[in-house]
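Participant: Pasting the sequence and the predicted model now:
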Amino acid sequence: SSQNLRVPGTQLSMDSPSSGVTSSGVTSSGVTSSGVMVHGISSVINVIHTKTKPKKMCFVGSDGSRYYLLLKGREDLRLDERITQFLRILNPMLHASGTRPAHTYNVLPLNHRCGMIQWVEDSVPLFTTFKRWQKSEKTAQQITSGGQANTAAQAKLSGLLDSFKWKLISALKARGLGHLKSRKEWPKDVLLEVFLQLQKETPNTLLCNELWLSSADTAVWYRKQRVFCQSVGVMSMVGYVLGLGDRHLDNILINFLTGEVTHIDYNVCFDKGLALRVPETVPFRLTQNMERALGVTSVNGLYRATCE
């Protein structure tokens, strides 16, 4: 019976004075001493359109609440589980030193090929802010041009990877290097030129604008910015110590209600990124958009104090 199964990540602490467990082992809200039990599973399953096609599932708990988890296949989540356990051990020390703890979530490996991950509520990938800007720019461009977009404009407003490829091919052809297909053969000065073009075309105010526009007043915005600075600082240092890689924009989430940043997918750890076909040499991700969102003091204010 599903009612004999506990919803992952809802273990109830019997030592907690607020647990409210009666002598029968059941709270007034339907929670047993083992945690929230599975009352049912929603028939609606959403497929996330990423490489491994994970499925977002909804469990209905014995307390009447809905719990969302991500079922991932073709991936070993045991390392993710260990990293989240490490963060939970680290968080009391961060709290004791007056630093904001890292946001964690529950990971349940089922075997070496699949597992379940707690859905991080009210958070979206950083890539979402870029896609929103790109969509609005594309709409504005279509309105001003009457639906007739030139090739350069289409490349600029296409997918980020497509835009990079288009600019790279153009730069290589301009130098008579269009025959180079291997990444190892691409000149570093050409790659830097393409990067600077993409950086120039993308506003560095996307994140800070989202934080500002999602705030009811300046006091709320100020609190969000402080939370953002601290959470980015903590995960920058934790990521550096752990050798955390694969920090693309879909693996960093942000909650625009609080400003908190959450990292997901810890599979590339302990400097494993250095052994990739394209080695990841940066110690942590701190792009111009993230730096601008740190506020007027940039990296020399609360962010630096949190890192130190």
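Facilitator: Sure thing, it's come through. Keep in mind the model is a prediction, meaning the values are calculated, not measured.

Participant: Now do the strand or helix carrying Q199: distance to the chain's middle.
Facilitator: Element membership of Q199, judged by DSSP states H and E, is helix 188-201. Its chain's C-alpha centre and that of helix 188-201 lie 25 Å apart, by C-alpha atoms, centre = their mean, to the nearest Å.

Participant: Longest helix in the protein, please.
Facilitator: Ordering each helix of the chain by length in residues (DSSP state H) puts helix 218-242 first.

Participant: helices or strands next to the helix holding Q199 in the packing?
Facilitator: helix 160-174 (3 or more C-beta pairs under 8 Å, 6 or more residues apart in numbering; DSSP states H and E). Any C-beta I mention is one placed from the backbone N, CA and C, and that applies to glycine too.

Participant: circling back to that earlier point, buried ones in the following helix or strand past the longest helix of the chain?
Facilitator: Note on helix 218-242: by DSSP H and E, the next helix or strand toward the C-terminus is strand 252-254. Across strand 252-254, burial judged by 16 or more other C-beta atoms under 10 Å covers 252-254.

Participant: Which of these sits closest to S62?
Facilitator: Nearest to S62 among the buried residues of strand 252-254, counting by C-beta to C-beta, is L253 at 28.4 Å.

Participant: Quick check: beta-bridge partners of the closest one?
Facilitator: P125, T262 (DSSP bridges).

Participant: So it is in contact with D265, correct?
Facilitator: No - look at L253 against D265 with C-beta atoms under 8 Å: they stay out of range, at 10.3 Å.

Participant: that older thread, contacts for the helix holding Q199 next, please.
Facilitator: Outside of helix 188-201, the residues within contact range by C-beta atoms under 8 Å, 6 or more residues apart in numbering are 156, 160, 163-164, 167-168, 171-172, 175, 177, 288.

Participant: Give me the buried entries from these.
Facilitator: 156, 163-164, 167-168, 171-172.

Participant: Dump the residues you listed to CSV, plus distance to G64.
Facilitator: Converted to CSV, those look like this (distance: C-beta to C-beta, whole Å):
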residue, distance to G64
K156, 49
S163, 47
F164, 48
K167, 53
L168, 53
A171, 58
L172, 59
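
Participant: Quick check: of the residues you listed, which lies closest to L71?
Facilitator: F164 (31.7 Å).

Participant: For the closest one, which residues are in contact?
Facilitator: 194, 198.

Participant: Can you classify T139 as helix, strand or coil?
Facilitator: On the three-state scheme (DSSP: H, G, I helix; E, B strand; the rest coil), T139 is labelled helix.

Participant: need the helices for the protein, in chain order.
Facilitator: Under DSSP H, the chain gives helices at 78-96, 127-145, 151-156, 160-174, 188-201, 206-213, 218-242, 288-293, 302-307.

Participant: ok so, going back, now the contacts of helix 188-201 in a markdown table, with pLDDT and distance to E121?
Facilitator: Formatted as a markdown table, these follow (pLDDT from 0 to 100; distance: C-beta to C-beta, whole Å):
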| residue | pLDDT | distance to E121 |
| --- | --- | --- |
| K156 | 53 | 34 |
| L160 | 66 | 26 |
| S163 | 80 | 32 |
| F164 | 82 | 32 |
| K167 | 86 | 37 |
| L168 | 86 | 38 |
| A171 | 87 | 42 |
| L172 | 85 | 44 |
| R175 | 84 | 49 |
| L177 | 81 | 48 |
| Q288 | 92 | 29 |
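
Participant: biggest separation within the residues you listed, which pair?
Facilitator: Checking the contacts of helix 188-201 with C-beta to C-beta, the most distant pair is L177 and Q288, at 27.9 Å.

Participant: Leaving out chain neighbours, which residue sits closest to T306?
Facilitator: Excluding its sequence neighbours, the residue lying closest to T306 (C-beta to C-beta, 6 or more residues apart in numbering) is G233, at 3.1 Å.

Participant: mind listing what the one you found touches?
Facilitator: Per C-beta under 8 Å, 6+ apart, neighbours of G233: 302-307.

Participant: By mean pLDDT, point me to the weakest helix or strand of the chain.
Facilitator: The weakest-scoring helix or strand in the chain, judged by mean pLDDT, DSSP states H and E, is helix 151-156 (a mean of 53).

Participant: ok, back up a step: from the buried ones among the contacts of helix 188-201, which single one is nearest C269?
Facilitator: F164 (26.0 Å).

Participant: for stretch 132-140, which positions count as buried?
Facilitator: Buried residues in stretch 132-140 (16+ other C-beta under 10 Å): 133-134, 137-138.

Participant: Look up which residues are beta-bridged to V107.
Facilitator: Under the criterion used (DSSP bridges), V107 bridges to I117.

Participant: My read is that it contacts L87, right?
Facilitator: No - counting by C-beta under 8 Å, V107 does not reach L87; the two are 10.9 Å apart.

Participant: more neighbours, those two?
Facilitator: Remark: of V107 and L87, V107 carries more neighbours, 24 against 21, as counted by other C-beta atoms under 10 Å.
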